[in-house]
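Asker: got a sequence here, can you build the structure:
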Amino acid sequence: MKHSAIAGLFITAAILASPAFAADKDLCAANIQKIDDFAASAPSLPESSLDNIKAAQEKSKAAQAAGNDKDCVEITTGIIKKMEIRDPTRN
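Answerer: Numbering: from 1, shown residues only. Below you'll find the model as predicted:
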């Protein structure tokens, strides 16, 4: 009885944890797309800002390729906040 209860807890924990990983993966991809769209449609950005965006794109895509969605989300969220400060009309 004890063993089946412990096994049940592990299975429940695994099931409950999976949507969190899927959410990070989806958020990572959506944020990368948002950054790509912003960079493509904002030609009036200063060169230094564009370089920062491109560096963040490369880091986030590398994190995504490595399967590190948590880092990807952190990188993309940070650059999106900066983009929104620069142009608050784009959300």
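
Asker: and the strand or helix carrying residue 75, what does it pack against?
Answerer: Residue 75 is part of helix 69-86, with elements assigned from DSSP states H and E. Contacts defined by 3 or more CB pairs under 8 Å, 6 or more residues apart in numbering; DSSP states H and E place helix 69-86 against helix 2-41, helix 47-65. In this view, the C-beta of every residue, glycine as well, is placed from N, C-alpha and C.

Asker: hmm, who's touching the last one?
Answerer: Residues from elsewhere that reach helix 47-65 (CB atoms under 8 Å, 6 or more residues apart in numbering): 28-29, 31-32, 35-36, 38-39, 45, 69, 71-72, 75-76, 78-79, 82-83, 86.

Asker: what about 6 Å?
Answerer: 28, 32, 35, 39, 71, 72, 75, 76, 79 (CB atoms under 6 Å, 6 or more residues apart in numbering).

Asker: quick check: chain neighbours aside, which residue is closest to the first one?
Answerer: The shortest distance from residue 28 to any residue that is not its chain neighbour, by CB to CB, 6 or more residues apart in numbering, is 3.9 Å, and that residue is residue 72.

Asker: contacts only, for the one you found.
Answerer: Residues near residue 72 by CB under 6 Å, 6+ apart: 28, 60, 63, 64.
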